[in-house]
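Q: turn this into a model:
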Amino acid sequence: MTRSQDAVVEAQFGSQAAAYVASNVHSSGEDLAALAKICAELRPGRALDIGTGGGHVAYLLAQHARSVVAVDLSPGMLDVVAQTACERGLSNIETTKAPAERLPFEDASFDLVACRYSAHHWSDLDAGLREALRVLKPGCPAIFVDVISPAVPALDTHLQAVELLRDPSHVRNYSEAEWTAALARAGFRVRRAETRRIRMDYPSWVGRMRTSEAHQAAIRSLQQQASAQTATYFSIEADGSFSIDALQIEASACRTRQR
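A: Now for the predicted structure:
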């Protein structure tokens, strides 16, 4: 029996919703601080969080925007986000179930669009970026944050392999060059970009996804048999913990939108 990518994502994340709310990697970081600064300056009227996950971007946006829409494929994730928002007194967050590639909103209906650690699950990156541009008002910013792949084939192969073993809903971590090209195709102009190094604690990394023992064994085997180049690049530690690169891009629509 085969399933669509949307169904895989829904099944994978529903039962892990609470773990993503509590995750240190997702609930903190320099990228969230940078996003908070942008939002504090812009004070957007209506903001969109695509692939909200544990809702951390939505909670941040809600402190500066008049209203926030948190979108995700997983009803379980959205239920937890709605509950957490209520507990935090954030009454300006609403949730919507939808894929990034088919957003149920009118053209130019948001003053800011944000997407953090979600795009590597999308079945079609180009379609998702086109939708982000479509719902964004002209001249307003979109902020994308995601893990990026090294531009070296052997390193890229290792990263994609361990990501897929850990999480079957993984599609691809794109390189910075792939991100830049995809944004240009969608009609975005990159305003600024910044990369950061993030350490992934192995026990919590696999624990959030409830990765099976068989898949964990495969991940550890790949790490232990990795070349010196791979082990050094990812700073693979004795317990399986490792480091990866994340990219934050702030973009806006090109002067002439592409259709």
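Q: ok, residue 180 - contacts?
A: 190, 193, 249 (C-beta atoms under 8 Å, 6 or more residues apart in numbering). (Each C-beta comes from the backbone N, C-alpha and C, glycine too.)
Q: which stretches of the chain have low pLDDT?
A: 1-28, 255-259 (pLDDT under 70).
Q: which parts of it are helices?
A: With DSSP state H as the criterion, the chain has helices at 5-14, 17-22, 24-27, 30-42, 56-62, 75-87, 125-135, 153-166, 176-186, 202-209, 213-224, 228-233.
Q: now distance to residue 101 too, for these, in JSON lines please.
A: Formatted as JSON lines, these follow (distance: least, C-beta to C-beta, whole Å):
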{"stretch": "helix 5-14", "distance to residue 101": "9"}
{"stretch": "helix 17-22", "distance to residue 101": "21"}
{"stretch": "helix 24-27", "distance to residue 101": "22"}
{"stretch": "helix 30-42", "distance to residue 101": "23"}
{"stretch": "helix 56-62", "distance to residue 101": "19"}
{"stretch": "helix 75-87", "distance to residue 101": "17"}
{"stretch": "helix 125-135", "distance to residue 101": "4"}
{"stretch": "helix 153-166", "distance to residue 101": "20"}
{"stretch": "helix 176-186", "distance to residue 101": "12"}
{"stretch": "helix 202-209", "distance to residue 101": "23"}
{"stretch": "helix 213-224", "distance to residue 101": "27"}
{"stretch": "helix 228-233", "distance to residue 101": "32"}
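Q: just name the most buried of these.
A: Per residue and on average, the most neighbours among those fall to helix 56-62, with a mean of 26 (mean count of other C-beta atoms under 10 Å).
Q: got a list of contacts for that one?
A: 21, 26-27, 32, 35-36, 39, 44, 47, 49, 52, 68, 70, 81, 84-85, 88, 90, 92-93, 112, 114, 116.
Q: what does stretch 129-137 give?
A: 48, 50, 100-103, 105-113, 115, 142, 182-183, 185-188, 252-253, 257.
Q: how about it as CSV, C-alpha atoms only?
A: Provided in CSV are the C-alpha atoms of stretch 129-137 (Å, rounded to 0.1, in the frame of the first residue of the first chain):
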residue,chain,number,x,y,z
LEU,A,129,7.6,28.8,-2.7
ARG,A,130,5.2,30.0,-5.4
GLU,A,131,2.4,29.8,-2.9
ALA,A,132,4.3,31.7,-0.3
LEU,A,133,4.9,34.4,-2.8
ARG,A,134,1.3,34.4,-4.0
VAL,A,135,-0.2,35.1,-0.5
LEU,A,136,2.4,37.7,0.4
LYS,A,137,1.7,41.4,-0.1
